[in-house]
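**Student:** Provide a 3D model corresponding to the input given below.
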Amino acid sequence: MDLSTTYLGLKLKNPLVPSSSPLMRSLGNLRQMEDAGAAAVVLHSLFEEQVRLESHTLNEYLTHGTESYAEALSYFPDAPEYQTGPEEYLEHIRRAKEALDIPVIASLNGVSSGWWMQFARDIEQAGADALELNIYYVPTDVEMSSEDVEQLYLDALSVVKTAVSIPVTMKLSPYFSAMSHMAKRLADGGANGLVLFNRFYQPDLDLEELEVVPNLKLSSSVELRLPLRWIAILYGRVPLDLALTTGVHTVMDVLKGVAAGAAITMLASELLANGIPRLMVLRSGIESWLIDHEYESLAQLQGSMSQINCAEPAAFERANYMRVLSSFTPPFLRYATAYGLAG
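**Tutor:** Numbers count the residues shown, from 1 in each chain. As a prediction, this is how the structure comes out:
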């Protein structure tokens, strides 16, 4: 069975790509991932705060008003707490490239303009096959418009594309008001791919201690639906490779992502929860399913359930929305009907 796919111009042996997580810090883990069947790896991110200990943009947000609500900001780590500096990160790329035969994708995570260019160049020179830009940004300024937010992403892309010749993919949040148009603008700006979607880790509140509490929960397959929907909408409509991330845990999750139009499906939570050998189980399951359903290759499945053949995708979405609402029956009512209790 031919499980090969193409992502960012890179020929991959299957659609399974471990994404940025603490597992990626260990060269031993990376080797184990390749042995287990990973088609490529996305390294953990180099954060802007690691490159320069005071980020001019973030520092303003993180320190403004601390005299009034310091307890609400106590969960932010001090910049020196970040473990990997830029030189260590570049060396990790070099060592990964020497140790692995599969593509190595580096990741930059930041928000300020002006810092991307130099380190994008350094990452390319260290040997990375591609670069993922992860702009983890929550706009809290009431004066900041949606156009301003979008321009932040476009400016970062422009700077990096000027600096490097390797493929560049953008990891996005799901909160753009016009996602399809934003995807087109990124494609026009030179992006080679989109990673959908970034998970924003929501803090919790401790009312007894009056503190903001960090609360990381691993993803579940339920979260697959949001990126699945948008990949199905965008596939074939923008000249970009699409990567599905968040909610990929099972063989069916992977197959659904590919059927929607994803070139690859990325895993982090599944490997953190159940170990790197899960890649072997997933790969075997993908192959078995395709054989059982008489597919000749993975490529034959890709995009088969996208909206590319739907003349009015917006109308399709409305019809689906109405169908979901009208088809739902509350459990208590199903019970009452079954026993003749519904009036």
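
**Student:** lowest confidence element among the helices and strands of this protein?
**Tutor:** Every helix and strand in the chain was compared by mean pLDDT, DSSP states H and E; the lowest is helix 66-69, with a mean of 44.

**Student:** C-terminal to the helix or strand containing residue 195, what's the next element?
**Tutor:** According to DSSP states H and E, residue 195 maps onto strand 193-196. Counting by DSSP H and E, the element after strand 193-196 in chain order, helix or strand, is strand 204-206.

**Student:** and the strand holding residue 195, what does it pack onto?
**Tutor:** Applying 3 or more C-beta pairs under 8 Å, 6 or more residues apart in numbering; DSSP states H and E, we find strand 193-196 packed against strand 168-172, helix 225-234, strand 241-244. Heads up, the C-betas are built off the backbone N, CA and C, glycines and all.

**Student:** direction included, what does it pair up with?
**Tutor:** strand 168-172 (parallel), strand 241-244 (parallel) (DSSP bridges).

**Student:** other SSEs contacting the following helix or strand past the shortest one?
**Tutor:** Next helix or strand after strand 241-244 toward the C-terminus (DSSP H and E): helix 251-260. Secondary-structure packing of helix 251-260 (3+ C-beta pairs under 8 Å, 6+ apart): helix 225-234, strand 264-267, helix 278-292, helix 298-301.

**Student:** could you dump helix 251-260 to CSV, C-alpha only?
**Tutor:** Presented in CSV, the C-alpha positions along helix 251-260 are these (Å, rounded to 0.1, in the frame of the first residue of the first chain):
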residue,chain,number,x,y,z
VAL,A,251,-6.5,5.5,12.9
MET,A,252,-9.9,7.0,12.0
ASP,A,253,-8.8,10.4,13.1
VAL,A,254,-5.9,10.2,10.6
LEU,A,255,-8.1,8.9,7.8
LYS,A,256,-10.7,11.6,8.4
GLY,A,257,-8.0,14.2,8.2
VAL,A,258,-6.7,12.9,4.9
ALA,A,259,-10.2,12.5,3.5
ALA,A,260,-10.9,16.2,4.4
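
**Student:** ok so, going back, the helices and strands packed on strand 193-196 into CSV, with extra columns for mean pLDDT?
**Tutor:** Converted to CSV, the helices and strands packed on strand 193-196 look like this (pLDDT from 0 to 100):
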stretch, mean pLDDT
strand 168-172, 97
helix 225-234, 94
strand 241-244, 98
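
**Student:** tell me which of these sits most buried.
**Tutor:** strand 241-244 (a mean of 26; mean count of other C-beta atoms under 10 Å).

**Student:** contacts for it, please.
**Tutor:** Strand 241-244 is contacted by residues 6-8, 17, 169, 192-196, 224, 227-228, 231, 234-235, 257, 260-266 when judged by C-beta atoms under 8 Å, 6 or more residues apart in numbering.

**Student:** please pick the buried ones from those.
**Tutor:** The neighbour count (16 or more other C-beta atoms under 10 Å) marks 7-8, 17, 169, 192-196, 224, 227-228, 231, 234-235, 257, 260-266 as buried among these.

**Student:** how close does residue 91 sit to residue 284?
**Tutor:** Note on residue 91: its distance to residue 284, by C-beta to C-beta, to the nearest Å, is 35 Å.

**Student:** scratch that, residue 245 is what I was asking about
**Tutor:** Residue 245 is 22 Å from residue 284, by C-beta to C-beta.
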